[in-house]
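Enquirer: Give me a model of this one.
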Amino acid sequence: MQTIIFIAAIFLLFFILDKLLRKWFKAEKVKFEDSPAKELNRRGERVIFVIALCCLPFVIMSETPVWLLWFLIGSIIVQNFFQAYMQWKYAHDAREHLVTLSLIPVSIAAMIAFAFYIW
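Expert: Below you'll find the model as predicted:
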């Protein structure tokens, strides 16, 4: 039960932080469904997902569980940097890439806090 409360608190933190950062950076929410970058964004996300799925068995079979933590942190970093790049490249005026880049350290800290909470 405490784990569910911890996860809910992390989601609430991200929700509040996202709203505050959007207000601070004056960033608009952008979806790629109305832009020519829609297909490129989908392909990039699929490639990142397939690479992560191919690496996952090796990480799971490793003898130390710390590798799983580093794998998850690396996956978060790669996915968020790709998303920030796409937002910067195709929706620069919306300034949403600043919000995405600002949330990367918070995501890493949340992942490490969750790992220490569980282990």
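Enquirer: If you count contacts, what does the helix or strand hosting Ala84 end up packed against?
Expert: Ala84 belongs to helix 66-90 when assigned by DSSP states H and E. Counting contacts by 3 or more CB pairs under 8 Å, 6 or more residues apart in numbering; DSSP states H and E, helix 66-90 packs against helix 38-61, helix 96-118. In this view, the C-beta of every residue, glycine as well, is placed from N, C-alpha and C.
Enquirer: Would you mind finding the most buried of those helices?
Expert: Most buried of the helices and strands packed on helix 66-90, by mean neighbour count (mean count of other CB atoms under 10 Å): helix 96-118, with a mean of 16.
Enquirer: Output the contacting helices and strands for it.
Expert: helix 2-25, helix 66-90.
Enquirer: To Ile112, which of these lies closest?
Expert: Checking the helices and strands packed on helix 96-118 against Ile112 by CB to CB gives helix 66-90 as the closest, at 7.3 Å.
Enquirer: Appreciated, that's everything.
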